[in-house]
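Visitor: give me coordinates for this.
(2 chains)
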There are 2 protein chains.
Amino acid sequence: MLLLDGNATSAAIRTEIAEEVSKLKSQGKKVPHLAAILVGEDGASQTYVNAKVKACENVGFESTLVRMPAETSEEELLSTIKGLNENPNIDGFIVQLPLPKHIDEDKVTLAVAPQKDVDGFHPENVGRMSLGLPTFLPATPNGVMEMLGRYNIETVGKNCVVIGRSNIVGTPMAILMSRGTNPGNATVTLTHSRTKNLKEITLQADIIIVALGKPNFLTGEMVKQGAVVVDVGIHRIEDASKKSGFRLVGDVEFETVAPKCAAISPVPGGVGPMTIASLLQNTLKAVTMRK
Amino acid sequence: MLLLDGNATSAAIRTEIAEEVSKLKSQGKKVPHLAAILVGEDGASQTYVNAKVKACENVGFESTLVRMPAETSEEELLSTIKGLNENPNIDGFIVQLPLPKHIDEDKVTLAVAPQKDVDGFHPENVGRMSLGLPTFLPATPNGVMEMLGRYNIETVGKNCVVIGRSNIVGTPMAILMSRGTNPGNATVTLTHSRTKNLKEITLQADIIIVALGKPNFLTGEMVKQGAVVVDVGIHRIEDASKKSGFRLVGDVEFETVAPKCAAISPVPGGVGPMTIASLLQNTLKAVTMRK
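Guide: Numbering: from 1, shown residues only, chains lettered A, B, ... in the order given. All right, here's what the predicted structure looks like:
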């Protein structure tokens, strides 16, 4: 059983990016600059944003963190976004989700200029992905594609089942895996809460990508021998045996699934680290696409 | 076996649209105005465009056909598109494809203003569809959804197989059928030229949507008893027994598939007429979305 090591793969990508940045610097060119907007004090969001900012620094990008209080109005946020859209010094930026309830997330997503939308959330970029045009691919699905590609997982003509149809993971994942690329060219089945015969479907899958957000959902009896399993979920569950009082688990019950797998991504240390690597790739792309 | 009659369904939609137009007129409001650009003298394209213009007239829309010679430069075409984008009298317009080889179709698609793109081909509209935001749905997939909806075909939790992954039919079809709507909420498998075990997959399908562009491709032995089959293909094949010397067939071998089906769309008279009805729906929507 091969462990798809997201830490090692992400580190390799970051090293490549750091080399690109050094090259840009030595040519006297502008270094990529990522900005992140964080509204409010949500603990998990702060952790994510800080990790992104730190990752930028480590590869030599410039970064700007724009912190706004939880009571920021939608109008103020949209005006800050407009400022970043127009700021030639900022190559790409993200608005950390979720936003406080009084702010319309769709409106915010639409306000980010597509050419600076390094999260790949704007409809124009989602459409470009679907059409196979150059774009910013959404971070998590792109991270999974990178992982499959770098481990030379065979995907052409394979039966791939995606569990979960969210806009930011499951649906784009299904689109990317079915496109005529490598990795890709798989026969993809997109399953979700209304799917009736899930176990029957997963048992036929060569590749299973699990992104529904339920701890330990995929169990060994749902997986055929020799499958490749990618776990996108991440959850804190209580564990009295740990000093911290909790441990991290994914959407996959690793203990029962792993023994049947040809390859599997663990949690933590699987898809998670790939997501930030994707964001860095997109930010670098934002500079090169603009020329 | 229920025949999914595209002529009758399309006629019902057109009647509804004609009533809406009458209402707009009686309120002294502007009537929807669709423009179509046709470049060159391709026979099939002329037939399609003429059918669209005629359909507009029949429901009371205004229509404008812009004919340009085959040797039109890309620049001239883009400038004509810009004119239609800016013309407040035109609510929506289409550029008939295919275009002459010296013109970049991607560039043309991107030049059409998303709010007038009643074909639903612009990446922003493709992305909006994927994200479930209000948009112009592409005509053929939307026509299939309308047909399934108006015949009350149960789709929730059903296994749906889409054959063919084109940008304008197969891929959006898979997205629409998997979304949390009704019709929709199906478990969708998108198959294509690299799919290895197609017959095994189609034999498990409750609903099969065939859009790969090969005459008589889906045969009876690939379909389970009681399936619903929608045929998006249309081909002229030689037939000496006909006065015209040809007959129209779809991607489905109707004679062997139909006897096994709970419902099936014929060719001609199935999806074809639905496509134009969708275009009219989008043009009406272009007016109401702008308010």
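Visitor: show me what from chain A comes close to chain B.
Guide: For chain A, the contact set with chain B under Cβ under 8 Å from any Cβ of the partner chain comprises A:106, A:122-133, A:135, A:156-157, A:159, A:165, A:167, A:171-172, A:174-175, A:178-180, A:185-192, A:194-197, A:201. The C-beta positions use only the backbone N, C-alpha and C, and glycine is treated the same way.
Visitor: show me the residues you listed that map onto strands.
Guide: A:159, A:187-191 (DSSP state E).
Visitor: and these, which two are the farthest apart?
Guide: For these, the farthest-apart pair by Cβ to Cβ is A:187 and A:191; their separation is 13.5 Å.
Visitor: flag the shaky bits of the stretch 151-291 of chain A, pLDDT-wise.
Guide: Along the stretch 151-291 of chain A, the model assigns pLDDT under 70 to residues A:291.
Visitor: tell me where it has helices.
Guide: Counting by DSSP state H, counting those that start in this stretch, the stretch 151-291 of chain A has helices at residues A:170-178, A:198-202, A:254-257, A:271-290.
Visitor: hey, which of those helices is tucked in deepest?
Guide: Ranked by mean neighbour count, those are led by helix A:170-178 with a mean of 27 (mean count of other Cβ atoms under 10 Å in any protein chain shown).
Visitor: what does that one contact?
Guide: With Cβ atoms under 8 Å, 6 or more residues apart in numbering or on different chains as the test, helix A:170-178 has contacts from A:120, A:126, A:129-130, A:137-138, A:140-142, A:144-145, A:155, A:160, A:162-165, A:183-188, A:190, A:192, A:207, A:209, A:211-212, A:232, B:130, B:165, B:171, B:174-175, B:178, B:190, B:192.
Visitor: that older thread, including neighbour count, could the ones in strands among the residues of chain A next to chain B go into CSV?
Guide: Output for those, formatted as CSV (neighbours: other Cβ atoms under 10 Å in any protein chain shown):
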residue, neighbour count
A:159, 24
A:187, 28
A:188, 30
A:189, 29
A:190, 29
A:191, 27
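Visitor: so which of those comes closest to residue B:150?
Guide: residue A:190 (24.8 Å).
Visitor: for that closest one, which non-adjacent residue is closest in space?
Guide: Using Cβ to Cβ, 6 or more residues apart in numbering or on different chains and skipping the chain neighbours, the partner closest in space to residue A:190 is residue A:174 (4.2 Å).
Visitor: cool, and residue A:282?
Guide: Among residues not flanking residue A:282 along the chain, residue A:118 sits closest, at 4.0 Å (Cβ to Cβ, 6+ apart).
Visitor: next, the contact list for the one you found, please.
Guide: Residues counted as contacts of residue A:118 (Cβ under 8 Å, 6+ apart) are A:34, A:92-94, A:136, A:279, A:282-283, A:285-286.
Visitor: the same query, at a cut-off of 10 Å, please.
Guide: Going by Cβ atoms under 10 Å, 6 or more residues apart in numbering or on different chains, residue A:118 touches A:32, A:34-36, A:91-94, A:112, A:125, A:136, A:138-139, A:278-286.
Visitor: quick one, phi psi at residue A:151?
Guide: phi -90, psi 10 (degrees, to the nearest 10).
Visitor: correct me, but it touches residue A:263?
Guide: Yes: using Cβ atoms under 10 Å, residue A:151 is in contact with residue A:263, at 6.7 Å.
Visitor: these two: which is more packed in?
Guide: The neighbour count for residue A:151 versus residue A:263, taken as other Cβ atoms under 10 Å in any protein chain shown, is higher for residue A:263 (19 against 16).
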